[in-house]
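S.K.: I'll drop the sequence and a predicted model, then ask my questions.
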Amino acid sequence: MKVDLIIKSKWIAPVIPKATLLEDSAVIVKDKRIVDLCPQEELKTQYIAENTVHLSNHILIPGLVNSHGHAAMALLRGVADDLSLNEWLENRIWPIEQGIVNRDFVLEGTNLAIAEMIASGTTCFADMYFFPDEVAKAAISANIRVQTASPILDFSTIWADTADEYILKATKIHDQYRNDELVYTAFGPHAPYSISDEPLKKIRVLADELDIPIHMHIHETKKEIEDSIAEFGCRPFERLHNLGLITPKLNSIHSTQLLSNEISIMGALGTNVIHCPSSNMKLASGFCDVNSLIHQGVNVALGTDGAASNNSLNMFNEMRTAALLAKAVSDDAAALPSYQALEMATINGAKALGIDELIGSLEPEKFADITAVSLNECNTLPVNNPISHLVYAANSSQVTHVWVSGESIYNEGVLITMNKNQILDSALKWQDRIPKELAL
Ligand SMILES: [Zn+2]
């Protein structure tokens, strides 16, 4: 059989079947998709490839799925550090955004973020930000997969004035990209405290009709719960449950303040949680009880959040932090073993985004979205346990190759589909435009 690409690798962690590790095997790619995984010794009799890549000290994994972020905020990295969420968001980030966010900001900031994400092994990211069409444009140009969650708020921003206008724009973005192989869409109602009941009901109906996810910051802080009880007489979760939003379509981002009955309802109804451990710790938002969520059957995926609250878009950091934090929070060293942290950063993310039939594992018929990591470094030799090394020991600088739909987008430190110098020049340009009195 003639194929496009054979990637031979010392190790492969396909993620499905669970916790599997293949040795001296290869991934075979044809027409953007994986057609087979087989032992290297069987290759000669079965496949002839246009292009063969030999990776003798590497592990291949599914491209990482960053399930929550605000890519363009890469331009706001280091702005207003060390503040609580409310102080950070309402008194610093929103006023800064009001002053400088426009189409150029989103396109150039997203390009900067994509370059960082590709170089750290991410092949798909979920994004919630203004001008989602610019985010889509940047992703298509870089050949990286994205799910844009169109923002929806009650109040006016540069993107729209009323909740109805935000919703209309979200449906238009969905129409525009409904047949695109790289761009997927979602509704992005910002948070229970920034959007009222009527638009939420409309979003629920539309999400069902269009069969797309709802991506929302939920139970991020204790204050959010207290304010909701004062305003609505109930916790945000109860309000959303009454509105019919607790469904498999919902991606509940952060979720640091869940009661045990809320966790069991989430498990029973199939809601996804997007865990953002670094952002939660940096903003002192609280701890997401990942161990209990997993035990109640909740699909937990992993996100970096924006670079202004992390301050990195590196999913290797996130996997390690998630694995360590789960143990600390549950007082159980067996919580979140390395293979499960890798699942959170791959197949669980794909499932939350509703595209696990297409990506998230190295299996025949899925898109060939693949990341190669060299383990031939001081911090990962000897290779006693490759999947453990990926989560607990490897640095993202050990990513050597990245493919999306079988196309090489990163090769030995070089971005193939992006112009790095241009990205750096654009980023530098924004350095003087952020008001210092709000930034520091
Ligand atoms: Zn966020």
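M.R.: Looks like it arrived, so ask away.
S.K.: Residue nearest the middle of the chain, spatially speaking?
M.R.: Asn66 (1.8 Å; CA atoms, centre = their mean).
S.K.: three-state assignment of the residue of the chain most remote from its centre?
M.R.: Distance from the C-alpha centroid of the chain, by CA atoms, centre = their mean, peaks at Thr45 (38.9 Å). At Thr45 the chain is in helix, as set by DSSP: H, G, I helix; E, B strand; the rest coil.
S.K.: Which strand or helix spans Met216?
M.R.: Using DSSP states H and E, Met216 sits in strand 214-218.
S.K.: Remind me what the lowest-mean-pLDDT helix or strand in the chain packs against, helices and strands.
M.R.: In the chain, the helix or strand scored least confidently by mean pLDDT, DSSP states H and E is helix 436-439, which has a mean of 81. Contacts defined by 3 or more CB pairs under 8 Å, 6 or more residues apart in numbering; DSSP states H and E place helix 436-439 against helix 94-100. For glycine as for every other residue, the C-beta is placed from the backbone atoms N, C-alpha and C.
S.K.: tally of neighbours for Gly78?
M.R.: Other residues lying near Gly78 total 11 when counted by other CB atoms under 10 Å.
S.K.: What separation do you get for the closest residue to it other than its chain neighbours and Trp94?
M.R.: Closest residue to Gly78 apart from its sequence neighbours, by CB to CB, 6 or more residues apart in numbering: Asn311 at 6.2 Å. Distance, Asn311 to Trp94, using CB to CB, to the nearest Å: 18 Å.
S.K.: swap in Asp161?
M.R.: Taking CB to CB, one finds Asp161 at 16 Å from Trp94.
S.K.: Kindly report the same for Gly306.
M.R.: In this view, Gly306 and Trp94 are 13 Å apart by CB to CB.
S.K.: who has more neighbours, these two?
M.R.: Taking neighbours as other CB under 10 Å, Gly306 and Trp94 compare with Gly306 leading, 26 against 14.
S.K.: doesn't Met73 make contact with the more buried one?
M.R.: Yes - judged on CB atoms under 8 Å, Gly306 makes contact with Met73 at a distance of 3.6 Å.
S.K.: before we move on, the earlier item: name the helices or strands packed onto the strand holding Met216?
M.R.: Short answer (3+ CB pairs under 8 Å, 6+ apart): strand 214-218 packs on strand 183-189, helix 197-210, helix 236-242, strand 250-254.
S.K.: and for whatever helix or strand comes next after it, what are the contacting residues?
M.R.: For strand 214-218, the following helix or strand on the C-terminal side (DSSP H and E) is helix 222-232. Helix 222-232 has contacts (CB atoms under 8 Å, 6 or more residues apart in numbering) with Leu85, Asn86, Ala191, Pro192, Tyr193, His219, Cys234, Arg235, Pro236, Arg239, Gln257, Gly286.
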